[in-house]
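**Student:** have a look at this fold, sequence not included:
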């Protein structure tokens, strides 16, 4: 979805949907609707500043697409959406070194509520589950167009509430070129983050612990998908 792209920014081997600039959830929903109407099994959604690291220390990141294309669909029956490990929040070197065979030869999925909208893979929910789930276009922006961060987290929670499998694929590593800035939320991590937490807590009636952190257990209390899944990929 090319939002206000200039002709010289377009690549000849890419099929674009042209559109004026819009909030991320609105933009992703346009492509989700088109994807759900297709016969494809999975799609990769990525912001134009989000890729995967490709170093030898980044486990399967460099070869992920090729490996995933060869995966057996039956082995992915519980994998409805997943996203890469975010190195800004989760260290990985010691983890990978602790079990080289596991992380070099398997997709290691861990259930997570920390959904990452800038880069995620999603199953065709309409094709496989007769469902269509979209980003909440009303709850996470102000009437004047200002964005409230967290619509990507909310999308993941919606999936979990619908008994779908949402995971972090721990052996691919996200690389974001603009991770410290945001087009729509200049107060990245400040008041915007506080408001997001308040809205998430209100929407899902989440309790907090003594430190004030949201507790998500009830979101997936009735979710029947495993908390951990390993899929052999080599």
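**Tutor:** Now that the structure is in, tell me what you want to look at. This structure is a prediction, so every number in the text was calculated from the model and none was measured. Residues are numbered from 1 along each chain as shown.
**Student:** wait, isn't residue 51 in contact with residue 175?
**Tutor:** Yes: if you go by C-beta atoms under 8 Å, residue 51 and residue 175 touch, sitting 5.2 Å apart. From N, CA and C alone the C-beta is placed, and that goes for glycine too.
**Student:** list the buried residues in the helix or strand of the chain with the lowest mean pLDDT.
**Tutor:** One helix or strand of the chain scores below all others by mean pLDDT, DSSP states H and E: helix 191-204, with a mean of 82. Judged by neighbour count using 16 or more other C-beta atoms under 10 Å, the buried positions of helix 191-204 are 192, 195, 196, 197, 199, 200, 204.
**Student:** could you do stretch 105-121 as well?
**Tutor:** So, applying 16+ other C-beta under 10 Å, buried residues of stretch 105-121: 106-109, 111-113, 115-121.
**Student:** tell me the one of the residues you listed nearest residue 208?
**Tutor:** residue 113 (14.1 Å; C-beta to C-beta).
**Student:** and the closest one, which helix or strand is it part of?
**Tutor:** Under DSSP states H and E, no helix or strand contains residue 113.
**Student:** return the residues in contact with residue 198.
**Tutor:** With C-beta atoms under 8 Å, 6 or more residues apart in numbering as the criterion, no residue contacts residue 198.
**Student:** may I have the strands that pair with the longest strand belonging to the chain, each with its orientation?
**Tutor:** Counting by DSSP state E, the longest strand found in the chain is strand 166-176. Strands adjacent to strand 166-176 in the sheet, as given by DSSP bridges, are strand 50-52 (antiparallel), strand 81-85 (parallel), strand 106-111 (antiparallel).
**Student:** residue 51 and residue 175 - which one has more neighbours?
**Tutor:** In this view residue 51 and residue 175 are compared by other C-beta atoms under 10 Å, and residue 175 has more residues nearby, 18 against 15.
**Student:** how many neighbours does the nearest residue to that one once chain neighbours are set aside have?
**Tutor:** Using C-beta to C-beta, 6 or more residues apart in numbering and skipping residues adjacent in sequence, the residue nearest residue 175 is residue 53, 4.7 Å away. Using other C-beta under 10 Å, residue 53 has 17 neighbouring residues.
**Student:** ok, residue 53 touching residue 177?
**Tutor:** No: in this structure, residue 53 is not within contact of residue 177 by C-beta under 8 Å, at 11.7 Å.
**Student:** quick revisit: check contacts around the residue nearest to residue 175.
**Tutor:** Contact analysis of residue 53 by C-beta under 8 Å, 6+ apart lists 61, 62, 87, 173, 174, 175.
**Student:** from the buried residues of stretch 105-121, which two are the most distant?
**Tutor:** Most distant of these, by C-beta to C-beta, are 106 and 117, 25.7 Å apart.
**Student:** low-confidence regions, this structure specifically.
**Tutor:** 179-192 (pLDDT under 70).
**Student:** can you show me the strands along it?
**Tutor:** Counting by DSSP E, the strands of the chain are 2-3, 18-19, 42-46, 50-52, 81-85, 106-111, 119-123, 166-176, 228-232.
**Student:** other residues contacting the fifth one?
**Tutor:** The set of residues external to strand 81-85 that reach it, using C-beta under 8 Å, 6+ apart, is 52, 61, 92, 109, 112, 115-116, 119-123, 156, 159, 164-174.
**Student:** give me the angle between it and strand 119-123.
**Tutor:** 150 degrees (axes from the mean of the first three to the mean of the last three C-alpha atoms, to 10 degrees).
**Student:** list the buried residues of stretch 8-28.
**Tutor:** Here stretch 8-28 shows 22, 23, 24, 25, 26, 27, 28 as buried, counting by 16+ other C-beta under 10 Å.
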